[in-house]
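Participant: missing the sequence, but the structure's below:
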Ligand code: 0GY
């Protein structure tokens, strides 16, 4: 394990908030176990193992019905742990893979069969080496016929540079963690509003209103992040997703309690209708359409 790596919370509270039937935790990971699914040689960190059994137990404890499991950078382009978890979960999980431009039609078919419905493009420099944009374009060409989408992860300061490329993608694009908004600057801040404009102008863009624990300056209960997530849920009720981000890789300041994270949902989506969209209808459109 990376020396200062924080393991996930050992006993999260039972949330006071009860998610609606069919609710989806749309951003979480499985790590290893390393003995069966070794971490990638090119990884930038070594996490603690976080198995499919532990993920599914957390899903049940928090009151969710389903997961979207996102391939994390520590497993590189080897999606075996992800596919194994998806096959175990059956209809209760879908996945996001990481692939290279040489992926074959047959490999994509096998992934689709297991429940993969998209590919993640990671632009966060502390997590991955630079990938030529041309590789991403080739991947999009290969997956768009499958009805898949792209998940993008970038730091707020990189949006301006990435924007022309992102808007050129002829496919649904989901931005992780509210584009990593700088919550110390307020909702009116130019950089955040730039991100909002992207969603306003491009109906193929969605965002995850996730990761208050990464964006906060104040710490739990994340009062400084809630207005940003609430704002996005209000503005784009049918293009937002929510996820725990369990097991919270690379958290340095603290490890969140997943039950307390779940209790934030009614603060960012105050009406039952908004919660139904955020947790059930929206993820169903992207992940359970076929
Ligand atoms: C997240 C966030 C992080 C890590 C990864 O792929 C990854 O390794 O996504 C992070 O370190 O911010 O979404 O899990």
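Facilitator: Structure received. Computed from a prediction, not measured in an experiment: that's the story for all the values here.

Participant: write out the residues of the stretch 51-200 of the chain neighbouring the ligand.
Facilitator: Applying Cβ under 6 Å from any ligand atom, we find that the stretch 51-200 of the chain lies next to the ligand at 72, 73, 74, 122, 127, 153, 176. For the C-beta atoms, the positions are set from N, CA and C on the backbone; glycine is no exception.

Participant: dump these into a markdown table; add secondary structure and pLDDT as well.
Facilitator: A markdown table is the format used below for these (DSSP: H, G, I helix; E, B strand; the rest coil; pLDDT from 0 to 100):
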| residue | secondary structure | pLDDT |
| --- | --- | --- |
| 72 | coil | 97 |
| 73 | helix | 98 |
| 74 | helix | 98 |
| 122 | strand | 98 |
| 127 | coil | 97 |
| 153 | strand | 98 |
| 176 | helix | 98 |
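
Participant: need the max-distance pair from those.
Facilitator: Greatest spatial distance in those: 74 and 176, 15.9 Å, computed using Cβ to Cβ.

Participant: top of the residues of the stretch 51-200 of the chain next to the ligand by neighbour count?
Facilitator: residue 72 (27 neighbours; other Cβ atoms under 10 Å).

Participant: got the phi and psi for that residue?
Facilitator: Phi and psi for residue 72, reported as degrees, to the nearest 10, are phi -100, psi 160.

Participant: am I right that residue 206 is in a strand?
Facilitator: Yes: counting by DSSP: H, G, I helix; E, B strand; the rest coil, residue 206 falls inside a strand.

Participant: contacting residues for the residue of the stretch 151-290 of the chain found nearest the ligand?
Facilitator: Nearest to the ligand in the stretch 151-290 of the chain, going by Cβ to the nearest ligand atom, is residue 250, at a distance of 3.6 Å. If you count contacts by Cβ atoms under 8 Å, 6 or more residues apart in numbering, residue 250 has them with 5, 45, 126, 127.

Participant: with residue 148 instead?
Facilitator: Contacts of residue 148 by Cβ under 8 Å, 6+ apart are 112, 116, 117, 118, 119, 171.

Participant: from the ligand, how far off is the nearest residue to residue 51 once chain neighbours are set aside?
Facilitator: Spatial nearest neighbour of residue 51, excluding adjacent residues (Cβ to Cβ, 6 or more residues apart in numbering): residue 33 at 5.6 Å. Residue 33 sits at a distance of 17 Å from the ligand (criterion: Cβ to the nearest ligand atom, to the nearest Å).

Participant: count of neighbours near residue 33?
Facilitator: 16.

Participant: for residue 218, same thing?
Facilitator: Quick note: residue 218 (other Cβ under 10 Å) scores 12 neighbours.

Participant: tell me which element it is part of?
Facilitator: Assigned by DSSP states H and E, residue 218 belongs to no helix or strand.
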